[in-house]
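Engineer: Take this sequence and fold it.
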Amino acid sequence: MNNKKDIQIGKNNTSSEWFKPKIDRKVLKELSKRSDWPGWRHIIIYSISLLSLGLLCAYYWGTWWFILFYLAYCTLWGGADAIWHECGHRTAFKTRKLNDFFYYIASFMNNFEPVRFHWSHLLHHRHTASVDPHDFEVDSSIFWRPSLINFFLIFLPGTGFFKLHKSLYIEIIQHAFGVQTRVMKECIPAGYKANCILVSRIYVLLWILIIFLSIYINSFLPIFLFLIPKFFATLNIVWGLTQHMGLKEDTKDYRHSTRSVRLNSIFSFIYWKMEHHIEHHMFPMVPSYNLPKLYEIIKDQLPKSQSLFEAYKEIIPAVIKKSKNPNYFIPVKVPKI
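Structural biologist: Here you go, the predicted structure:
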């Protein structure tokens with residue numbers, strides 16, 4: 001993340017070919033205003049909550065209570081995905097350096113190498129659910145063709161260990177050794193590949209230090225707290241899959257490739273309002289805390305937002321149908337404008 005022109009992800013993805021809802025420009029400009037306070041409020045509440053759960057995990061280490069607090073800790077740790085995302089768009093804070101600082105911290109927490117994911121996310125917004133160029137960020141949703149059993153297995157805490165060979169850990173290790181993976185070849189410009197390799201090596205070094213710390217204090221606690229929480233953050237998978245799962249590929253209308261859902265206030269906080277995902281893709285310059293306001297203004301031009309139950313009520317049959325017919329997608333009813 002070195003170039004001011006490149007940093008605000010999705011800012012220039014609004015080709016005239018893409019469907020855009022009607023909205024007053026002055027209203028959109030007002031909604032797009034950024035402020036440091038909402039970002040600080042979220043970070044402070046999030047950090048205190050995560051630290052508290054981490055301390056409870058340490059206190060109850062070795063008891064059955066640890067499992068309960070650890071699953072809560074991992075769920076909240078997974079909320080770093082939302083911080084990474086909002087800071088990557090530079091909409092969490094008005095101050096650019098604050099966005100960048102927390103972007104790098106949240107990237108490490110998510111095992112998202114920040115250079116790679118800056119460019120792959122930029123492509124995701126410019127070419128959402130595109131086959132060519134390939135949208136790598138929907139490989140685990142729109143482009144995923146799992147059996148029903150494999151689909152349900154991903155919701156079980158810890159099952160990610162069985163796919164470790166396909167995980168971001170392996171990709172980062174490959175990049176650390178200078179391996180030109182497909183995503184590096186197709187997403188990252190030549191001038192940024194060295195940065196990707198460097199940061200990947202820093203990640204591997206930090207992982208090794210965490211492992212050595214565990215050996216030094218003769219406890220797996222540092223590994224559980226700092227290295228593998230994402231493997232147990234299953235609620236984040238529940239929310240994340242709703243974004244694009246089962247929907248249409250290669251379309252210039254986000255209403256057919258993206259889904260908005262409704263979450264309760266606690267889940268919405270952890271997810272940082274990203275359940276308003278259609279609205280976000282249409283107007284990525286709008287901070288997440290203003291997405292509910294945006295939705296109220298343009299909702300008559302969007303498909304009706306769904307509850308999690310309603311979303312999975314259509315996703316699960318779609319998984320079955322896609323396993324038999326890879327070209328199947330969920331038809332979406334959109335308002336006539």
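
Engineer: Please report the number of neighbouring residues for residue 44.
Structural biologist: By other CB atoms under 10 Å, 10 other residues sit near residue 44. From N, CA and C alone the C-beta is placed, and that goes for glycine too.

Engineer: Give me the residues contacting the host helix or strand of it.
Structural biologist: Assigning secondary structure by DSSP states H and E places residue 44 in helix 36-59. The list of residues contacting helix 36-59 from outside it, by CB atoms under 8 Å, 6 or more residues apart in numbering, reads 66, 69-70, 72-73, 76-77, 79, 83, 86, 92-95, 98-99, 102, 221, 224-225, 269-270, 272, 287, 289.

Engineer: quick one, what contacts residue 299?
Structural biologist: Each residue near residue 299 by CB under 8 Å, 6+ apart is listed here: residue 305.

Engineer: Now restrict the contacts of helix 36-59 to buried residues only.
Structural biologist: 66, 69-70, 72-73, 76-77, 79, 83, 86, 92-94, 98-99, 102, 221, 224-225, 269-270, 272, 287, 289 (16 or more other CB atoms under 10 Å).

Engineer: So which of those belong to helices?
Structural biologist: Using DSSP state H, the members of those that fall in helices are 66, 69-70, 72-73, 76-77, 83, 86, 98-99, 102, 221, 224-225, 269-270.

Engineer: circling back: tell me which residues of the helix holding residue 44 come out buried.
Structural biologist: Within helix 36-59, the residues that qualify as buried are 38, 39, 42, 43, 46, 49, 50, 53, 54, 56, 57, counting by 16+ other CB under 10 Å.

Engineer: With respect to residue 230, which of those residues is nearest?
Structural biologist: residue 50 (13.5 Å; CB to CB).

Engineer: where does that closest one land on pLDDT?
Structural biologist: pLDDT for residue 50: 98.

Engineer: again, but for residue 16
Structural biologist: pLDDT, residue 16: 55.

Engineer: What of the one 10 residues further on?
Structural biologist: The pLDDT attached to residue 26 in the predicted structure is 97.

Engineer: How is it assigned, secondary-structure-wise?
Structural biologist: helix (DSSP: H, G, I helix; E, B strand; the rest coil).

Engineer: circling back: would you format the buried residues of helix 36-59 as CSV with distance to residue 283 included?
Structural biologist: Below are those laid out as CSV (distance: CB to CB, whole Å):
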residue, distance to residue 283
38, 17
39, 18
42, 20
43, 23
46, 24
49, 29
50, 29
53, 34
54, 35
56, 39
57, 39
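
Engineer: Break down the chain into its strands, ranges please.
Structural biologist: Ranges of strands in the chain, per DSSP state E, are 261-262, 306-307.

Engineer: Compile those strands into JSON lines and extend it with columns for distance to residue 168 and mean pLDDT.
Structural biologist: Shown next, in JSON lines, are those (distance: least, CB to CB, whole Å; pLDDT from 0 to 100):
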{"stretch": "strand 261-262", "distance to residue 168": "25", "mean pLDDT": "96"}
{"stretch": "strand 306-307", "distance to residue 168": "29", "mean pLDDT": "95"}
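
Engineer: what's the most buried one of the ones you listed?
Structural biologist: strand 261-262 (a mean of 20; mean count of other CB atoms under 10 Å).
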